[in-house]
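In: coords please:
(chains A, B, C and D)
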2 protein chains.
Amino acid sequence: MMAESNRRGVPDATVGRLPGYLQALTTVAEQGRSSVSSEEIASLAGVRSAQVRKDLSHLGSYGVRGVGYDVARLVDQISAELGLSQDWPVVIVGMGNLGRALASYEGLATRGFHVVALADNDPDVVGSRVEGMPVQALAELRTCGPVSVGVVTTPPEAAQEVADVLVELGVHSILNFAPVVLQVPADVDVRRVDLATELQILAFHQHQREASVTDTPVEGVS
Amino acid sequence: MMAESNRRGVPDATVGRLPGYLQALTTVAEQGRSSVSSEEIASLAGVRSAQVRKDLSHLGSYGVRGVGYDVARLVDQISAELGLSQDWPVVIVGMGNLGRALASYEGLATRGFHVVALADNDPDVVGSRVEGMPVQALAELRTCGPVSVGVVTTPPEAAQEVADVLVELGVHSILNFAPVVLQVPADVDVRRVDLATELQILAFHQHQREASVTDTPVEGVS
DNA sequence: TAGATTGTTAATCGATTAACAATC
DNA sequence: TAGATTGTTAATCGATTAACAATC
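Out: Below you'll find the model as predicted:
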């Protein structure tokens, strides 16, 4: 993890919601609408309207009182804030089912993320093709040109080694699906996505609910 | 999303870190250690030691001053808190690459999550086998017995319909990988994992970093 | 005892929310 | 003008952190 820079002062929590707003706006745009209220964005994104207005105010975004926000303009502003007008070359390392799933995810290209290389260390997999792209050995990655984002979908044992190679390659952003905490230099940003963690959080909530049904505290009885 | 119950007062932020501590403890246990300090847990989990102690204090967990925490005991306490001593029957709907990846993820079974059914709506896929399990049609799911957790790995267009079926099936916990906000009753807990969101957050940070290198504010010059 | 490490306090920080004046 | 909806304020809430007394 990295000390967040937050240069122009957009809070992290807001940044985390901007992609959701962007998606909501895309939905609205597809309906041919050109204007949208914070209330509508909120309901599509699953948050409250006050939150939306507060978040958008951090972008210095101008809605129009009594009218709402211009859809196209807001898409541009959020995209610019997130840096989505740029092109982000992505490498995926680990060609198991998960790596393949990500390699074939269309949602990436439309947001400026372009997969420029796939890698694996299994000799049986190296040389094969996934989604029309050749799978390279980890050591060969050096040759694939500049890379912005590395996605780690290897087994946990291999993840740190992969991270080391990515860092050497000049990658500053890593999306880690392996259930380990990667050790990286301070200027490298790692986000971890862990399926087991998500399920365990769900389990906790359900566990709580079941418990509260069973042993409801008896109040007003002595 | 659901209004968090938080019955016994374990904060959500703490719950979100417990799985990480559990994993750290597993690592320590594998090394044959029987005792561990908050400092060690923190470094394995990527947080600060004060955070670990605070979090564990919510469990009423007893460490020993000057010594640390008993590894086995802490594993038991966290597992109990998360409800991992129970068995959680899981259904995965959507047998694309992502669904297959999750179906073959070994990390689930070891934590009490057992995949009891796989489903898809593509007639070409229904009837085939994934990891030795037959893929059922969505409508057939009714027959698969009680289900605690539903995992949605379908395309976005299909996700809401799948969620409706899961809810009808009595599922109260949904892990949603489709990039849509699912509409569910208030007693159903949905967690969303969105790859595009994660990448966009990484892009934002990198974007910021690049910007701050380029146009570093010139201070002390008039 | 001396050293180590917890559990808890109190200060700080950041995020959410409701409410409403501003204004289209 | 009347109605709608923003942008911002201020109150509240929750989470993080450092520090240290308690105590093994």
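In: residues contacting the residue nearest to residue A:33 when sequence neighbours are not counted?
Out: Closest residue in space to residue A:33, ignoring its immediate chain neighbours: residue A:71 at 6.1 Å, by Cβ to Cβ, 6 or more residues apart in numbering or on different chains. Just so you know, the C-beta spots here come from the backbone N, C-alpha and C atoms, and that holds for glycine as well. By Cβ atoms under 8 Å, 6 or more residues apart in numbering or on different chains, residue A:71 lies in contact with A:25, A:28, A:29, A:33, A:34, A:35, A:36.
In: helix, strand, or coil at the residue in chain A positioned nearest to DNA strand C?
Out: In chain A, the residue that lies nearest DNA strand C is residue A:66 (2.2 Å; Cβ to the nearest atom of the strand). Secondary structure, DSSP: H, G, I helix; E, B strand; the rest coil: residue A:66 is coil.
In: relative to residue B:100, how far out is it?
Out: 50 Å (Cβ to Cβ, to the nearest Å).
In: again, but for residue A:162
Out: 22 Å.
In: which of those two has more neighbours?
Out: residue A:162 (26 against 22; other Cβ atoms under 10 Å in any protein chain shown).
In: ok, the more buried one touching residue A:153?
Out: No. Here residue A:162 does not reach residue A:153: they are 9.3 Å apart, not a contact under Cβ atoms under 8 Å.
In: any residues in contact with both of these two?
Out: By Cβ under 8 Å, 6+ apart, the residues touching both residue A:162 and residue A:153 are A:93, A:94.
In: which residue comes closest to residue A:79 once chain neighbours are left out?
Out: Nearest to residue A:79 is residue A:85, by Cβ to Cβ, 6+ apart, at 5.8 Å.
In: the contacts of residue A:71: which ones sit near DNA strand C?
Out: Among the contacts of residue A:71, no residue sits close to DNA strand C (Cβ under 7 Å from any atom of the strand).
In: which among those residues count as buried?
Out: A:25, A:28, A:35, A:36 (16 or more other Cβ atoms under 10 Å in any protein chain shown).
In: could you export these as JSON lines, including distance to DNA strand D?
Out: Putting the buried ones among the contacts of residue A:71 into JSON lines (distance: Cβ to the nearest atom of the strand, whole Å) gives the following:
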{"residue": "A:25", "distance to DNA strand D": "12"}
{"residue": "A:28", "distance to DNA strand D": "12"}
{"residue": "A:35", "distance to DNA strand D": "9"}
{"residue": "A:36", "distance to DNA strand D": "7"}
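In: which pair in those residues spans the largest distance?
Out: Across these, no pair lies farther apart than A:25 and A:35, at 11.0 Å, counting by Cβ to Cβ.
In: ok so residue A:181 is a helix residue?
Out: No. Using three-state DSSP, the assignment for residue A:181 is coil, not a helix.
In: got the contact list for it?
Out: For residue A:181, the contacting residues are A:192, B:20, B:44, B:45, B:46, by Cβ under 8 Å, 6+ apart.
In: and the furthest pair within those?
Out: Using Cβ to Cβ, the contacts of residue A:181 reach their maximum pairwise distance at A:192 and B:44, which is 13.3 Å.
In: excluding its backbone neighbours, what's nearest residue A:148?
Out: residue A:88 (4.5 Å).
In: tell me the pLDDT of the one you found.
Out: Here the pLDDT value assigned to residue A:88 is 96.
In: what is the burial count for it?
Out: So residue A:88, with other Cβ under 10 Å, has 22 neighbours.
In: next one: the helix or strand residue A:159 falls within, is it in contact with chain B?
Out: In this assignment (DSSP states H and E), residue A:159 forms part of helix A:156-168. No. On the criterion Cβ under 8 Å from any Cβ of the partner chain, helix A:156-168 is out of touch with chain B, staying 8.9 Å away.
In: what's the mean pLDDT across that helix?
Out: For helix A:156-168, mean pLDDT is 97.
In: helix/strand/coil for residue A:206?
Out: helix.
In: quick one: strands adjacent to the lengthiest strand in chain A?
Out: Ranked by number of residues, the top strand in chain A under DSSP state E is strand A:113-120. Strand A:113-120 has the following strand partners under DSSP bridges: strand A:88-93 (parallel), strand A:133-137 (parallel).
In: who does the helix or strand just after the last one touch, helix- and strand-wise?
Out: Using DSSP H and E, the helix or strand that follows strand A:133-137 towards the C-terminus is strand A:149-152. For strand A:149-152, the helices and strands in contact under the criterion 3 or more Cβ pairs under 8 Å, 6 or more residues apart in numbering or on different chains; DSSP states H and E are strand A:88-93, helix A:156-168, strand A:173-176, helix B:195-214.
In: residue B:122 is nearest to which of the ones you listed?
Out: Nearest to residue B:122, of the helices and strands packed on strand A:149-152 and by Cβ to Cβ, is helix B:195-214 at 21.5 Å.
In: how far does that closest one sit from its chain's centre?
Out: With Cα atoms, centre = their mean, to the nearest Å as the basis, helix B:195-214 stands 24 Å off its chain's centre.
In: same deal with stretch A:115-133?
Out: Remark: stretch A:115-133 is offset 23 Å from the chain centroid, using Cα atoms, centre = their mean.
In: any weak-confidence spans in chain A?
Out: A:1-8, A:213-222 (pLDDT under 70).
In: same thing but at 50, please
Out: Within chain A, the set of residues satisfying pLDDT under 50 comprises A:1-7, A:216-222.
In: ok, and the closest non-adjacent residue to residue A:104?
Out: Nearest non-adjacent residue to residue A:104 (Cβ to Cβ, 6+ apart): residue A:131, at 5.2 Å.
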